[in-house]
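S.K.: mind looking at a prediction? Sequence and model below.
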Amino acid sequence: NAGVTQTPKFRILKIGQSMTLQCAQDMNHNYMYWYRQDPGMGLKLIYYSVGAGITDKGEVPNGYNVSRSTTEDFPLRLELAAPSQTSVYFCASRMTENYGYTFGSGTRLTVV
Amino acid sequence: RKEVEQDPGPFNVPEGATVAFNCTYSNSASQSFFWYRQDCRKEPKLLMSVYSSGNEDGRFTAQLNRASQYISLLIRDSKLSDSATYLCVVNTYNAGNNRKLIWGLGTSLAVNP
């Protein structure tokens, strides 16, 4: 099993550009999450999904969108990138709410 | 009061030492608890879940104290490879009685030769 795979690992965007961060898991987990982690800050939940076709906002959803058309994939879309979106983005999945997360290796995004 | 609080450290200990971290949480209805470790510039990795009766995994022992609303992580015989940030995670409920996961900011551990 590959676990949770995130692409790309690094990206530099210009202000106003858009991009999609990809996340795929092969563990048949229903629950998937997108977090961002800023230096010295805790993980902040952006969006999450409890199953295919279902998504919900987390703490910091503004400027992002997600979709969950399959169990495996949970892409995160950034529209009109802003410097405040410079961060490390982690995708995670888990079987149920009582299990721990499996994280992807992260995407380091810089908006200039 | 923050929902989940950890001493940021850093804790500097020599190899072989025993070190303990605490993590306090504010919501008494919190259900499940976890410890993760995060190496510099890497993703968090699940270290262990924390059970009501306490649990041990090799050199690591996790305990839950519901009365005082904290969890602890004890590391015995510290190794250089234990150097990392240890994140406390609490599964709790928000105002709408929906579950949410709260992450602590982490405790930094440096094990020195």
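M.R.: Received the coordinates, thanks. Residues are numbered from 1 along each chain as shown, chains lettered A, B, ... in the order given.
S.K.: against B:I102, how distant is the residue nearest the centre of chain B?
M.R.: Against the mean C-alpha coordinate of chain B, by CA atoms, centre = their mean, the closest residue is B:C88 at 3.6 Å. Distance, B:C88 to B:I102, by CB to CB, to the nearest Å: 9 Å. (Each C-beta comes from the backbone N, C-alpha and C, glycine too.)
S.K.: between the two, which contacts overlap?
M.R.: Counting by CB atoms under 8 Å, 6 or more residues apart in numbering or on different chains, the common neighbours of B:C88 and B:I102 are B:V4.
S.K.: hang on, the earlier thing: tell me the bridge partners for the residue nearest to the centre of chain B.
M.R.: Judged by DSSP bridges, the bridge partners of B:C88 are B:W35.
S.K.: that one against B:C23, yeah?
M.R.: Yes. Assessed by CB atoms under 8 Å, B:C88 is found in contact with B:C23 at 3.3 Å.
S.K.: low-confidence stretches in chain B?
M.R.: Residues of chain B meeting the criterion pLDDT under 70: B:95-97.
S.K.: for it, which residues are neighbours of chain A?
M.R.: Within chain B, the positions adjacent to chain A are B:31-32, B:34, B:36, B:42-46, B:49, B:87, B:89, B:91, B:99-101, B:103-106 by CB under 8 Å from any CB of the partner chain.
S.K.: now which of those residues would you call buried?
M.R.: Burial by neighbour count, judged by 16 or more other CB atoms under 10 Å in any protein chain shown, picks out B:32, B:34, B:36, B:43-44, B:46, B:49, B:87, B:89, B:91, B:100-101, B:103-106 from the residues of chain B next to chain A.
S.K.: who in chain A is up against chain B?
M.R.: With CB under 8 Å from any CB as the criterion, chain A meets chain B at residues A:40-43, A:45, A:90, A:97-98, A:100-106.
S.K.: go again using 7 Å as the cut-off
M.R.: Within chain A, the positions near chain B by CB under 7 Å from any CB of the partner chain are A:42-43, A:90, A:97-98, A:100-101, A:103-106.
S.K.: so which of those is the most crowded?
M.R.: Within the residues of chain A next to chain B, A:L43 tops the neighbour count with 27 neighbours, counted by other CB atoms under 10 Å in any protein chain shown.
S.K.: isn't that residue right next to A:W34, touching?
M.R.: No. A:L43 lies out of contact with A:W34 (CB atoms under 7 Å); the separation is 10.3 Å.
S.K.: the spatially most central residue of chain A sits in which helix or strand?
M.R.: With distances taken as CA atoms, centre = their mean, chain A has A:W34 as the residue nearest its mean C-alpha position (3.0 Å). According to DSSP states H and E, A:W34 maps onto strand A:31-37.
S.K.: now do B:V13
M.R.: strand B:11-14.
S.K.: who's in contact with that strand?
M.R.: Outside strand B:11-14, the residues within contact range by CB atoms under 7 Å, 6 or more residues apart in numbering or on different chains are B:19, B:78, B:107-112.
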